[in-house]
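Asks: Sequence below, structure please.
(2 chains)
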Number of protein chains: 2
Amino acid sequence: MIIRPAAEADQAAIMEIVAPVLRAGETYAIDSDLSDAAMRDYWFLPAHEVFVAEDEGVVLGTYYLQANQRGGGKHVANCGYMVSPKAQGKGIAGRMCEHSQAIAKERGFRAMQFNHVVSKNTRAVALWQKLGFAIVGTLPLAFKHPVHGYVDSYVMFKPLV
Amino acid sequence: MIIRPAAEADQAAIMEIVAPVLRAGETYAIDSDLSDAAMRDYWFLPAHEVFVAEDEGVVLGTYYLQANQRGGGKHVANCGYMVSPKAQGKGIAGRMCEHSQAIAKERGFRAMQFNHVVSKNTRAVALWQKLGFAIVGTLPLAFKHPVHGYVDSYVMFKPLV
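Replies: Numbers count the residues shown, from 1 in each chain, chains lettered A, B, ... in the order given. This next block holds a predicted model:
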């Protein structure tokens, strides 16, 4: 498997992964009823640097990297990761997260922050913790989960220097 | 003093307050070298509902209210407040914060979150705590202060229901 910058030609494959995750509305604090075009605009925001995880020519995962804030906060990176349902459990999210940390360091970022990790997304929370991220904040009932109702979200953070 | 929605005619008075605060770069995670137009665009983002605190026809403070996230996070409000240097210490920030909480409840928000309260802004931290906000997270060295260098920022949160 390789991880590389997304190309124009990857867009359809990327959106096959992104759209169902956003439609489910369980993990990203973004509207679940966006049009395909609006979902594409969200993942490919001008500020986002987008990567794909590819295995034998098939895109199995994607992530974006951006500055989490501007001005005095611009040295902290932020990422979002998604893996194809066909490729769950193969360690692709972890590989992408490690790749993103390396790229973030190259770009001069000094830390990485996830603003809104839904507490019910226990697999993600455990994975980020394993990769060195700490829960530095708990946002009480800050996420309305389509199944579980109002649940906590976590702010997770890892210094990169 | 009254607090009311900002009108088109308030824009210059509002930017007289906003621009120096952003230029100082000490409290908002936004570029300090934005053009006047970009600063105006930042304060008057389409998603922002902007208010002013006015005393005898003079705008002494301004704040914006918005949803902090979308989708599953859209029930949490976010605000930014600024007070004219001429009017510091008169309780205007506190009055605006209380006003914003009332408006947020009217709009159906269930909580309010400040994402990046710079720890060196001790007066603001103490005021938000007095008004019922808790520090729910500490972002280590997440803000580069022009005087103090890298300092912590706080995530502050208050349920409204």
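
Asks: by contact count, what packs against the host helix or strand of residue A:101?
Replies: In this structure, residue A:101 sits in helix A:92-106 according to DSSP states H and E. Using 3 or more C-beta pairs under 8 Å, 6 or more residues apart in numbering or on different chains; DSSP states H and E as the contact criterion, the elements in contact with helix A:92-106 are strand A:2-5, strand A:49-55, strand A:58-67, strand A:76-83, strand A:111-118, helix A:122-130. From N, CA and C alone the C-beta is placed, and that goes for glycine too.

Asks: Figure out which of these is closest to residue B:103.
Replies: Across those, the minimum distance to residue B:103, taken as C-beta to C-beta, is reached by strand A:111-118, at 23.3 Å.

Asks: circling back to that earlier point, the helices and strands packed on helix A:92-106 into CSV, with extra columns for distance to residue A:105, mean pLDDT and mean neighbour count?
Replies: Formatted as CSV, these follow (distance: least, C-beta to C-beta, whole Å; pLDDT from 0 to 100; neighbours: other C-beta atoms under 10 Å in any protein chain shown):
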stretch, distance to residue A:105, mean pLDDT, mean neighbour count
strand A:2-5, 15, 98, 12
strand A:49-55, 14, 98, 20
strand A:58-67, 11, 98, 21
strand A:76-83, 9, 98, 23
strand A:111-118, 9, 98, 23
helix A:122-130, 17, 97, 15
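
Asks: a markdown table for those, including distance to chain B?
Replies: Shown next, in a markdown table, are those (distance: least, C-beta to the nearest C-beta, whole Å):
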| stretch | distance to chain B |
| --- | --- |
| strand A:2-5 | 26 |
| strand A:49-55 | 19 |
| strand A:58-67 | 10 |
| strand A:76-83 | 5 |
| strand A:111-118 | 6 |
| helix A:122-130 | 14 |
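
Asks: To residue A:20, which of those lies closest?
Replies: When those are ranked by proximity to residue A:20, the top entry is strand A:76-83, at 9.1 Å, counting by C-beta to C-beta.

Asks: got the angle for that closest one vs strand A:111-118?
Replies: 50 degrees (axes from the mean of the first three to the mean of the last three C-alpha atoms, to 10 degrees).
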